[in-house]
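J.: structure of the sequence below:
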Amino acid sequence: MIVAQITDLHVKRKGHLLHHMINTAKSLRRCVERLNELDPRPDVIVATGDLTESGKRKEYARLRDVLERSEIPVYLMPGNHDDRERLRDAFPDHAYLPERDAPLSYVLESFPVRIVALDSTDPGYRGGCFDEQRERWLRARLREAPSRPTFLFMHHPPFLTGIRQLDNDPYRRVEVLGEVVRANPQIQLVGAGHIHRAMQVRWQGTMACTAPSTAHQIVLELREKQPLGMTLEPPGFLLHVWDPDYGTVTHVCATERFKTRWL
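T.: Residues are numbered from 1 along each chain as shown. Have a look, this model is predicted:
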């Protein structure tokens, strides 16, 4: 099974550029085209949040227009730039999204790997949140299939990155989330976004990672007291490949096409 992870799309309404320089919708279109061209194609695409820049209705309308070009099923999750209600309203046919007045967490059961999407957003807060309601939900969902290989996706990474400006917004009750993950060894992977860079770390007995943005990346600045910066490093996505014989391997992929010479 192949799961494509895209993240931090930051789509703006037509005619508007992000930071006056980035056409995020155009970048997403290129990513969708690239994913459609892959052979073999991914079985599913999971978009791990910050789907739009400001959570506005016109942004979600443009997002929908771009994603309708995908020939691969796409499943959506909110990030801290998103608005849950407007996301639901823009995608009423996405029946996996929960009812109103609840986090947009869900489970996909119809694939060889079980996909658990945990909404880590807390409206008005830039960092992640794992409150008691979501703790109860996640524990219950994991108890349902303790032997099935599982990918756990969320927007906010549950680990420190070393980029101080992003680490300054702590993930609330992340220690409890860590306890839940460690108690469930069927979790093969924890995939997140938010950082606009590809990172990997061993965390709570499994592998955790973040995906690059489909648009712009965050400057890798590990010095203290440095401002947060963006860079036009190549956009990309992750491919999480699961095989029953060797487990899970994650590949970092660039959106842009490169010339290939077969050896």
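J.: tell me how many other residues crowd R139.
T.: 14 (other CB atoms under 10 Å). C-beta here means a position set from N, CA and C on the backbone, and glycine is covered the same way.
J.: now it, nearest residue through space, not along the chain?
T.: Leaving aside its sequence neighbours, R139 sits nearest to V180 (CB to CB, 6 or more residues apart in numbering; 6.0 Å).
J.: how near is that neighbour to D167?
T.: 22 Å (CB to CB, to the nearest Å).
J.: now swap in K14 and tell me
T.: Distance, K14 to D167, using CB to CB: 35 Å.
J.: related to what we said a few turns ago, and the helix or strand harbouring the residue nearest to R139, what does it pack onto?
T.: Here V180 sits within helix 174-182, counting by DSSP states H and E. Packing partners of helix 174-182 (3 or more CB pairs under 8 Å, 6 or more residues apart in numbering; DSSP states H and E): helix 132-144.
J.: buried sites along the helix it packs on?
T.: R134, W137, L138, R141, L142 (16 or more other CB atoms under 10 Å).
J.: neighbour-wise, which of V180 and D167 wins?
T.: Neighbour tally, V180 and D167, criterion other CB under 10 Å: the higher count belongs to V180, 18 against 15.
J.: residue contacts, that one?
T.: Each residue near V180 by CB atoms under 8 Å, 6 or more residues apart in numbering is listed here: E135, L138, R139, L142.
J.: equivalent analysis for E179, please.
T.: By CB under 8 Å, 6+ apart, E179 lies in contact with Q204.
J.: what's the answer for the one 10 residues further on, then?
T.: For L189, the contacting residues are F151, L152, T206, M207, A208, C209, H240, T248, T250, by CB under 8 Å, 6+ apart.
J.: change it to 7 Å
T.: L189 is in contact with F151, T206, M207, H240, T248, counting by CB atoms under 7 Å, 6 or more residues apart in numbering.
J.: same deal with A61?
T.: With contact set as CB under 7 Å, 6+ apart, A61 has these partners: A90.
J.: roughly how far apart are it and D243?
T.: 39 Å.
J.: A192 too?
T.: Taken as CB to CB, the span from A192 to D243 is 23 Å.
J.: equivalent analysis for I218, please.
T.: 32 Å.
J.: please enumerate the helices of the stretch 151-263 of the chain.
T.: Secondary structure of the stretch 151-263 of the chain (DSSP state H, counting those that start in this stretch): helices at 164-167, 174-182.
J.: and those as TSV, adding distance to R114 and mean pLDDT?
T.: As requested, those are exported to TSV (distance: least, CB to CB, whole Å; pLDDT from 0 to 100):
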stretch	distance to R114	mean pLDDT
helix 164-167	29	85
helix 174-182	14	98
